[in-house]
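>>> Got a sequence here, can you build the structure:
(chains A and B)
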2 protein chains.
Amino acid sequence: MSKRPLILISNDDGVQAQGLRVLTRLMCQLGEVVVVAPDSARSGSACAITPIEPVRLRLIRQEEGLSIYACTGTPVDCVKLALEKVVPRRPDLVVSGINHGDNASVSLHYSGTVGCILEACMKGVPAIAFSLRTRELQCDFSPYEATILRVARHVLLEGLPQDVCLNVNFPQVAALAGERLCRMARGNWQQEWRESEREGEYQLTGYFTNLEPEADDTDYWAIDHGFAAITPLQLDMTFFPSGRENGVEIKGLGNGD
Amino acid sequence: MSKRPLILISNDDGVQAQGLRVLTRLMCQLGEVVVVAPDSARSGSACAITPIEPVRLRLIRQEEGLSIYACTGTPVDCVKLALEKVVPRRPDLVVSGINHGDNASVSLHYSGTVGCILEACMKGVPAIAFSLRTRELQCDFSPYEATILRVARHVLLEGLPQDVCLNVNFPQVAALAGERLCRMARGNWQQEWRESEREGEYQLTGYFTNLEPEADDTDYWAIDHGFAAITPLQLDMTFFPSGRENGVEIKGLGNGD
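As a prediction, this is how the structure comes out:
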């Protein structure tokens, strides 16, 4: 019998989050599982790391084929620490989520769930983030289980292109309309601050606007129309004005030597 | 006389950092300046935001053409709050830095300095991050002043492509060899955790490895060879396997409806 795959799981909602428990149960069907997740909610952590303070790691559960650790660091710290100090061998897959709240369009830049997979990707491990458009802390994840298993199995078998990871977002529906490969929608957050009663104090809030609602190839469109949105992300953020093969050029900048 | 440009400045080393003071002095030559920066060092903040706790804003200096605020939030919070609640009109330019430490290659994913410009970019404001490869808290920024002014003037006059911002990294040299437009080098951080004396406690550390040291079109190569590295970054992280015009396709994923 061949060795079962090793799967590392993290998230940004914390080790107690329902989405993490569901993802853990599903991944245990596919392989041996190690969970290293923040000890409390760390939403909006992006790729933040903890450069000054030490971080602490605590084993909270161990059984056949499953170990669960809580970590005081950020989601990216969790993945870094897991890969270097926790896993018995290089994982075959890193998954994060299932996040309570979508991470589509520019929201992915703020997302610790996506931070986890960018970190895994930097270390050369195939990685998938799963997020659900919901504001509920307890919700029914069963409509997404088949897709999660299918995408994870696919990546375990086929891998992903170098320096590419997958950002998967679900709409809150009783049954998915299907799955779509997407690009990030252009969008932004607006009216983001509510003034507190105390002068000079502000609370982050706001609403998201999709700047290209008619485009049917975006992650936002897919979610809005009941589809699972699968968006491949690349680590390289360089802007190539006329395609990668033509290099970087912006008139008036970079006069060389 | 035409109105002077309005320039917003932030950073991740905090409002007291030397690099911020230098950048503020330089930008005051180009326009009216508003500084909104974290009240303490926030290195490694990436695009992190503060979704739960309120953030506080405090005016610490005001004079003709210059206002300086300290904020308890992350670098991205600073830019968000400044744009919505502080500036008297939409800024013509957002700059961040000068960071003590480079933000080239994948390090930009962890960088609050870069987080600032991604946030400005999401809001449609041209933005430039400046970082210096150094480990010193006090250093001589004079070799970079001419380039900083030239790049900032260029962007004020010409703007930048939609959803694109500039990540500028300097080597620590007495005189720059020149400026180069670059792409992000492939690279990663290794041996990132030092075990503390207390069991289960770890301190982030590590060293960076450039995975393509021979490639002379990368930001790392430029810095290694004494050049200012100017790397245009785009908000869209979608991986297009055969170019944007051909859309997203990965065999076996996204079976449609």
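
>>> Right, and chain B sits closest to which residue of the stretch 51-200 of chain A?
A:Leu181 (3.2 Å; CB to the nearest CB). Glycine gets a C-beta too; all of them are placed from N, C-alpha and C.

>>> Leaving out chain neighbours, which residue sits closest to that residue?
Beyond its immediate neighbours in the sequence, the residue positioned closest to A:Leu181 (CB to CB, 6 or more residues apart in numbering or on different chains) is B:Gly254, lying 3.2 Å away.

>>> contacting residues for the one you found?
Neighbouring residues of B:Gly254 by CB atoms under 8 Å, 6 or more residues apart in numbering or on different chains: A:179-182, A:230, B:248.

>>> Let's have those in TSV, adding secondary structure.
Converted to TSV, the contacts of B:Gly254 look like this (DSSP: H, G, I helix; E, B strand; the rest coil):
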residue	secondary structure
A:Glu179	strand
A:Arg180	strand
A:Leu181	strand
A:Cys182	coil
A:Ile230	strand
B:Val248	coil
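
>>> burial measure for the closest residue to A:Leu83 other than its chain neighbours, as a count.
Using CB to CB, 6+ apart and skipping residues adjacent in sequence, the residue nearest A:Leu83 is A:Lys123, 5.5 Å away. Neighbour count of A:Lys123, defined by other CB atoms under 10 Å in any protein chain shown: 18.

>>> which stretches of chain A form strands?
Counting by DSSP state E, chain A has these strands, from start to end: A:6-10, A:32-38, A:55-63, A:66-71, A:93-100, A:127-132, A:164-170, A:178-181, A:187-190, A:193-195, A:201-204, A:207-210, A:227-234.

>>> so where is the stretch 101-250 of chain A shaky, pLDDT-wise?
Regions of the stretch 101-250 of chain A meeting the criterion pLDDT under 70 are absent.

>>> in it, which spans are helices?
In the stretch 101-250 of chain A, the segments counted as helices under DSSP state H, counting those that start in this stretch are A:112-122, A:145-158, A:219-224.

>>> any idea which of these is most buried?
Greatest average neighbour count among the helices of the stretch 101-250 of chain A goes to helix A:112-122 (a mean of 30), per mean count of other CB atoms under 10 Å in any protein chain shown.

>>> wait, does that one contact chain B?
Yes. Interface with chain B: helix A:112-122 contributes A:115, A:118, A:122 (CB under 8 Å from any CB of the partner chain).

>>> Rebuild those residues as JSON lines, extending it with distance to A:Leu83.
Below are these laid out as JSON lines (distance: CB to CB, whole Å):
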{"residue": "A:Gly115", "distance to A:Leu83": "14"}
{"residue": "A:Leu118", "distance to A:Leu83": "13"}
{"residue": "A:Met122", "distance to A:Leu83": "10"}
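
>>> Report the mean per-residue pLDDT for stretch A:68-83.
Averaging pLDDT along stretch A:68-83 gives 98.

>>> Relative to the whole chain's centre, how far out is it?
Using CA atoms, centre = their mean, to the nearest Å, the distance from the centre of stretch A:68-83 to the centre of the chain it belongs to is 14 Å.

>>> And stretch A:40-56, by the same measure?
Taking the mean of its C-alpha atoms, stretch A:40-56 sits 15 Å from the chain's own mean (CA atoms, centre = their mean).
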